[in-house]
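# Need coordinates for the below:
(one chain, ligands or ions: 1)
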Amino acid sequence: MTTQPAQTVSDGELFIDGKWVPSASGATVDIVNPATETAICKVAWGDASDLDRAVQAARRAFDQGPWPTLPAKERARIMFRIADGIEAAGEELALRETLDVGKPISFTRGFDVRAAAEIFRYYAGMVEMLEGAARPAGARSLQYIRREPLGVVGAITPFNFPLNLAVNKIAPALAAGNTIVHKPADQTPLTALKLAEIMAEAGLPEGVHNVVLGDGATVGSALVEHPGVDKISFTGSTATGKRLIAAASATLKKVTVELGGKGANIVFADADLDAAAQAAFQAGFFNTGQFCMSGSRLLVHRSVHDELVAKLTAILDVIPVGDPLAEATVLGPLAHRAQLDKVLEYVAIGTAEGATLAYGGEPGHEGPGFYHRPVVFTGATADMRIAQEEIFGPVLTVIPFDTDDEAVEIANGTPYGLAAGLHTRDLKRAHNVAGRLEAGIVWVNTWAAFENSTSFGGYKASGFGRELGPEGIEEYLQYKTIYVNVD
Ligand code: NAP
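As a prediction, the model looks like this:
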């Protein structure tokens, strides 16, 4: 692997009420580069008192305005400026995301930053389209519906797509007129801080957007329990999501939860196997497998099983794994040590369960960095832990099937229901099977294709609520009926 050039990111503070502030306790933590295991910078480390200040600021900014009552075109104008600001700061944002998460720089530039700007533009364009409705009423009555913001939104995001998953919440919440307190994942807060700077420079009024860093058990919990917060928009694991839903019930907060996944990617015998192998690579290993919508279960018709596995492993043989700052790198390290430990643990579990290591099985890396090369298990059965549990790393479990019904049964046979996919040349089969899969998004002859209008979210234990698309903004609006007697 090549050596990384020195890269610097300035130390960070909390962003509360339009100002950069240290934490009340003065605590800071080092943010670690997963490719080198060295500190990138220090950031202020908040606690419940910092969170409370941020909620009070967001509360004032909502209750006293002007954000929720700003003319729609003014709100839109600021959001378009934020999109421009993201693009102008694109290189710095991409570098921060790469240093922080270990994602290849070509990807943070080409996807994370580009998509963040586009999502702001998408929802900025929607601000002036948030129409209400008139409903039939008596001849001397008037009945109409307004769509109103919810108030203060608490956004809690995970470590794997820090910028994008934050923007998926912040852009529609702002477009709808809400104010925000954001708690990013503790390992990966660097783009959230830069985004706050960009948003303030674009003219977002003080207090509308606040960022409090700190761990989930203190700052995250305090946000979920705070009586001044109206809604929690959470993306993270199913285990944390369950705890969070219970905690939010005490204050009857509205909650949306985008949770874990164990997607099934089905390859039928009539598929284009070269294209299916490419898609299986994307599905299994994109972002080093740290992708909620990964197709970490590859279901292959028995008649093409060996041929498809051979095509997939041939791709893995030539995929550049290594320094995420190198332009050619396709797979970087895992984002933090606990993820690497989890991968090592599941490789041992799969082996002990009797699955066959068809590819990889060792980290394949000497020296610092949380690297693990791709792993493919074959000979797996649908009930094995490697076929049921979310690993969130570069470990793909291949399961053979004989009939369409069996493929659907295996695909639907986990608690999760986030993403699924299928590969076939038969349109009738594609349509029928897609309709039977229990997943919030189904890809046919592709994987992870996205537009800003592509809404996604979970079935079953993968959560509820939708992000992106017109559905995404509905999560931040409530409806008010006004019935007027004009007699
Ligand atoms: P996680 O451990 O559940 O953490 C997610 C966020 O919740 C972090 O900011 C975390 O803070 C915070 N948190 C932890 N405990 C909390 C509590 N008691 N109350 C409030 N907040 C709390 O998830 P992760 O490991 O970061 O992310 C990986 C998971 O996210 C995977 O399961 C993946 O599938 C899922 N994911 C889902 C989607 C989707 O759209 N469905 C997208 C991406 C990822 P700390 O970082 O400080 O612990």
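# Low-confidence regions, the stretch 1-150 of the chain specifically.
Judged by pLDDT under 70, the stretch 1-150 of the chain has its weakly predicted residues at 1-7.
# could you pull out the helices for it?
In chain order, the stretch 1-150 of the chain shows helices spanning 48-63, 72-88, 90-101, 105-107, 114-127, with DSSP state H, counting those that start in this stretch as the criterion.
# Next up, the contacts around residue 8.
Residues in contact with residue 8 (C-beta atoms under 8 Å, 6 or more residues apart in numbering) are residue 41. C-betas here are computed from N, CA, C, even on glycine.
# and what of residue 310?
By C-beta under 8 Å, 6+ apart, the contact set of residue 310 is empty.
# phi, psi of it?
Phi and psi for residue 310, reported as degrees, to the nearest 10, are phi -60, psi -40.
# Show me what residue 255 bridges to in the sheet.
In this structure, residue 255 bridges to residue 232 when assessed by DSSP bridges.
# so how many other residues sit close to it?
The number of residues packed near residue 255 is 21, by other C-beta atoms under 10 Å.
# Check residue 92 too.
Around residue 92 there are 16 other residues, counting by other C-beta under 10 Å.
# swap in residue 180?
Neighbour count for residue 180, taken as other C-beta under 10 Å: 28.
# just the helices in the stretch 351-487 of the chain please.
In the stretch 351-487 of the chain, the segments counted as helices under DSSP H, counting those that start in this stretch are 385-388, 404-411, 427-436, 469-474.
# most tightly surrounded among the helices of the stretch 1-150 of the chain?
Mean neighbours per residue, mean count of other C-beta atoms under 10 Å, is largest over the helices of the stretch 1-150 of the chain for helix 90-101, with a mean of 24.
# check whether that helix contacts the ligand.
No: Helix 90-101 stays out of contact with the ligand when judged by C-beta under 6 Å from any ligand atom, the minimum separation being 11.0 Å.
# Could you figure out how far that helix is turned away from helix 114-127?
For helix 90-101 against helix 114-127, the angle between stretch directions is 120 degrees (axes from the mean of the first three to the mean of the last three C-alpha atoms, to 10 degrees).
# Summarise which helices and strands helix 90-101 is packed against.
Contact analysis of helix 90-101 by 3 or more C-beta pairs under 8 Å, 6 or more residues apart in numbering; DSSP states H and E lists helix 105-107, helix 114-127, helix 162-175, helix 190-201 as its packing neighbours.
# Show me the beta-bridge partners of the closest residue to residue 131 other than its chain neighbours.
Computed as C-beta to C-beta, 6 or more residues apart in numbering, the closest residue to residue 131 that is not its neighbour in sequence is residue 147, at 7.8 Å. With DSSP bridges applied, the residues forming beta bridges to residue 147 are residue 479.
# follow-up on the earlier one: can you add distance to residue 323 and give the helices and strands packed on helix 90-101 back as CSV?
Putting the helices and strands packed on helix 90-101 into CSV (distance: least, C-beta to C-beta, whole Å) gives the following:
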stretch, distance to residue 323
helix 105-107, 9
helix 114-127, 22
helix 162-175, 20
helix 190-201, 18
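# nearest to residue 349, of those?
The closest approach between residue 349 and any of those, judged by C-beta to C-beta, belongs to helix 162-175 at 27.9 Å.
# Run through the strands of the stretch 201-350 of the chain in chain order.
209-211, 231-235, 254-258, 264-267, 297-301 (DSSP state E, counting those that start in this stretch).
# Save the ones you listed as JSON lines, and put in distance to the ligand and mean pLDDT too.
What follows is these, written out as JSON lines (distance: least, C-beta to the nearest ligand atom, whole Å; pLDDT from 0 to 100):
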{"stretch": "strand 209-211", "distance to the ligand": "12", "mean pLDDT": "98"}
{"stretch": "strand 231-235", "distance to the ligand": "5", "mean pLDDT": "98"}
{"stretch": "strand 254-258", "distance to the ligand": "3", "mean pLDDT": "98"}
{"stretch": "strand 264-267", "distance to the ligand": "15", "mean pLDDT": "98"}
{"stretch": "strand 297-301", "distance to the ligand": "14", "mean pLDDT": "98"}
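# how close does the residue nearest to residue 131 sit to residue 255?
In this structure, residue 147 lies at 19 Å from residue 255, with C-beta to C-beta, to the nearest Å as the measure.
# do residue 189 as well
Using C-beta to C-beta, one obtains 23 Å as the distance from residue 189 to residue 255.
# repeat for residue 437
Residue 437 sits 25 Å away from residue 255, going by C-beta to C-beta.
# Could you do residue 232 as well?
Taking C-beta to C-beta as the measure, residue 232 and residue 255 are separated by 5 Å.
# Give the intersection of the neighbour lists for those two.
With contacts taken as C-beta under 8 Å, 6+ apart, the residues that reach both residue 232 and residue 255 are 244, 248.
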